[in-house]
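A.B. asks: could you look at this predicted model? Sequence included:
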Amino acid sequence: MLASAAALAWLYLALCHGGFWRTGHRLPPLTAPDPLPTITAVIPARNEADMLPACLPSLLGQEYAGLLSVIVVDDDCSDDTAKTAAELGKAGRHELAVVAARPTPPRWAGKVWAMSEGVLAAAAPDRAGTDYFLFTDADIAYAPGTVGRLARSAAGGQFALLSQMALLRAANRAERLLIPAFVYFFAQLYPFRRVSRGAKTAAAAGGCMLVRADALAAAGGLAQISDARIDDVALARLLKRSGGRIWLGLTTDVTSQRPYDRLADIWDMVARSAYTQLRYSFALTLATVAGLTCLYLLPPVAAIAGVALLSAGSSAATASWLAASGLAGWLLMAVTYVPMLRLYKLSPLRAPTLPLIAAMYAAMTADSARRHHRGRGGEWKGRVVQLDSDR
């Protein structure tokens with residue numbers, strides 16, 4: 001019965017869950033507003049001196065017919081982030097300002113505070129104002145012409161928020177094993193097509209979020225999500241609740257250059273925020289781990305057990321049903337994983353390993369709860385945020 005239920009669940013996910021596994025959801029049709037909107041890119045940077053040279057020039061070098069400026073917010077850095085950014089700005093075609101963030105107030109998440117400091121700097125009297133904020137990260141690189149395409153799509157669709165999921169790095173063994181699945185699970189949780197329609201589902205990818213300035217102001221600004229550790233999803237929910245249209249899709253033009261050289265690095269990335277996503281609920285965490293086990297691990301276990309029972313001469317009807325339902329669920333999950341593997345230019349032969357990967361993510365989720373209860377929840381570069389409403 002459990003194996004059959006898992007197979008039926010995968011049939012529903014494949015056919016009725018917003019096409020979460022499809023990777024063709026790309027930028028909506030472009031228009032050519034005249035003039036192009038003014039964009040201010042805001043980059044919160046905490047100890048990113050090593051990362052900026054690989055990414056910041058791609059943004060500063062964008063060919064953009066409108067006015068594009070960049071603000072790098074020094075988020076209490078202890079390295080040469082500010083100096084590195086200023087030096088890179090001298091060679092860019094667009095204006096760059098480096099702003100030192102004031103001390104983070106109580107109950108503010110550090111990144112959201114740094115984002116708000118960038119917004120505040122953009123409103124300075126000596127600046128011309130902005131139509132859009134491009135909230136991006138220090139590890140994000142942009143292909144030529146990307147900002148122009150983002151602006152045309154956002155203006156044409158009158159989106160309050162337009163976000164693209166950056167193509168994450170998948171260069172080493174750990175990254176190739178776990179990173180495509182990370183995006184797959186994110187899309188399963190927040191199907192991109194549902195996000196982009198009028199449905200209640202709201203989400204964004206924090207590496208690339210183009211936000212209309214007047215929509216952000218009308219929603220109450222970033223202060224409304226001040227303690228949100230998962231700032232991208234919180235911002236999307238805020239803007240959608242306020243009546244704004246949002247869009248989320250995939251791209252290969254926006255890429256993350258941040259390396260995850262060891263399994264432990266990816267483990268830390270997931271464990272940092274998983275318990276927050278589960279609203280700090282131990283019961284919800286148990287339910288999630290149990291759900292992952294039933295959905296991802298039960299089908300291959302049932303398939304192998306059914307084949308073994310058949311080989312041992314057990315009841316043919318029971319063993320055949322067990323093997324068939326298990327294989328059906330396993331096949332469906334593998335088929336839905338193939339498009340993501342292709343997006344990352346990896347062999348489809350990796351698809352049957354998804355149950356093993358899901359088991360690892362379940363362990364990361366459990367570890368996230370453990371870290372939180374030991375006072376290490378959300379730790380990032382020496383900073384721990386204990387409270388988060390994730391509104």
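C.D. replies: That came through, no problem.
A.B. asks: in three-state terms, label the residue of the chain most remote from its centre for me.
C.D. replies: Outermost residue of the chain with respect to the C-alpha centroid, by Cα atoms, centre = their mean, is Gly313; its distance is 48.4 Å. The local conformation at Gly313, judged by DSSP: H, G, I helix; E, B strand; the rest coil, is coil.
A.B. asks: and it, how far from Gly306?
C.D. replies: 13 Å (Cβ to Cβ, to the nearest Å). For the C-beta atoms, the positions are set from N, CA and C on the backbone; glycine is no exception.
A.B. asks: tell me what the helix ranked longest in the chain is packed against?
C.D. replies: Determined from DSSP state H, the single longest helix within the chain is helix 316-343. Here helix 316-343 touches helix 2-16, helix 173-189, helix 298-311, helix 354-373, going by 3 or more Cβ pairs under 8 Å, 6 or more residues apart in numbering; DSSP states H and E.
A.B. asks: 6 Å instead, please
C.D. replies: Helices and strands touching helix 316-343, by 3 or more Cβ pairs under 6 Å, 6 or more residues apart in numbering; DSSP states H and E, are helix 2-16, helix 173-189, helix 298-311.
A.B. asks: what angle separates the second one from helix 316-343?
C.D. replies: Angle of helix 173-189 versus helix 316-343, following axes from the mean of the first three to the mean of the last three Cα atoms, to 10 degrees, is 110 degrees.
A.B. asks: for Tyr275, give me phi and psi.
C.D. replies: phi -70, psi -30 (degrees, to the nearest 10).
A.B. asks: just Glu95 next, same as before
C.D. replies: The phi/psi pair for Glu95 (degrees, to the nearest 10) is phi -70, psi 140.
A.B. asks: neighbouring strands - and their directions - for the biggest strand by length in the chain?
C.D. replies: Assignment by DSSP state E gives strand 246-256 as the longest strand of the chain. Strand pairing for strand 246-256, using DSSP bridges, gives strand 140-142 (antiparallel), strand 161-167 (parallel).
A.B. asks: distance from the chain centre to the first one, please.
C.D. replies: This points to strand 140-142. Strand 140-142 has its C-alpha centroid displaced from the chain centroid by 14 Å (Cα atoms, centre = their mean, to the nearest Å).
A.B. asks: ok, residues contacting whichever helix or strand comes after that strand?
C.D. replies: Sequence order places helix 146-157 as the next helix or strand after strand 140-142, per DSSP states H and E. Applying Cβ atoms under 6 Å, 6 or more residues apart in numbering, the external contacts of helix 146-157 come out as 27-28, 30-31, 33, 36-37, 62, 64, 162, 210, 253.
A.B. asks: which members of the residues you listed occur in strands, if any?
C.D. replies: 162, 210, 253.
A.B. asks: what's near enough to touch the second one?
C.D. replies: Put plainly, it is Leu210. 132, 134, 150, 154, 162.
A.B. asks: closest one to Leu216 out of the residues you listed, please.
C.D. replies: Tyr132 (9.4 Å; Cβ to Cβ).
A.B. asks: which residue is the nearest non-sequential neighbour of that closest one?
C.D. replies: Ile39 (4.8 Å; Cβ to Cβ, 6 or more residues apart in numbering).
A.B. asks: look up how far Arg245 lies from the one you found.
C.D. replies: The value you get for Ile39 to Arg245, if Cβ to Cβ is used, is 18 Å.
A.B. asks: so the two - more neighbours on which side?
C.D. replies: Comparing Ile39 with Arg245 by other Cβ atoms under 10 Å, the one with more neighbours is Ile39, at 25 against 18.
A.B. asks: ok, that one to Trp108 distance?
C.D. replies: From Ile39 to Trp108 the distance is 25 Å (Cβ to Cβ).
A.B. asks: likewise Thr84?
C.D. replies: Applying Cβ to Cβ to Thr84 and Trp108 gives a distance of 25 Å.
A.B. asks: what do you get for Leu248?
C.D. replies: Taking Cβ to Cβ, one finds Leu248 at 25 Å from Trp108.
A.B. asks: same thing with Val211?
C.D. replies: 19 Å.
A.B. asks: so which of these two has more stuff around it?
C.D. replies: Per other Cβ under 10 Å, whichever of Val211 and Trp108 has more neighbours is Val211, with 28 against 19.
A.B. asks: what is that one paired to in the beta sheet?
C.D. replies: Applying DSSP bridges, one finds that Val211 bridges with Phe133, Leu161.
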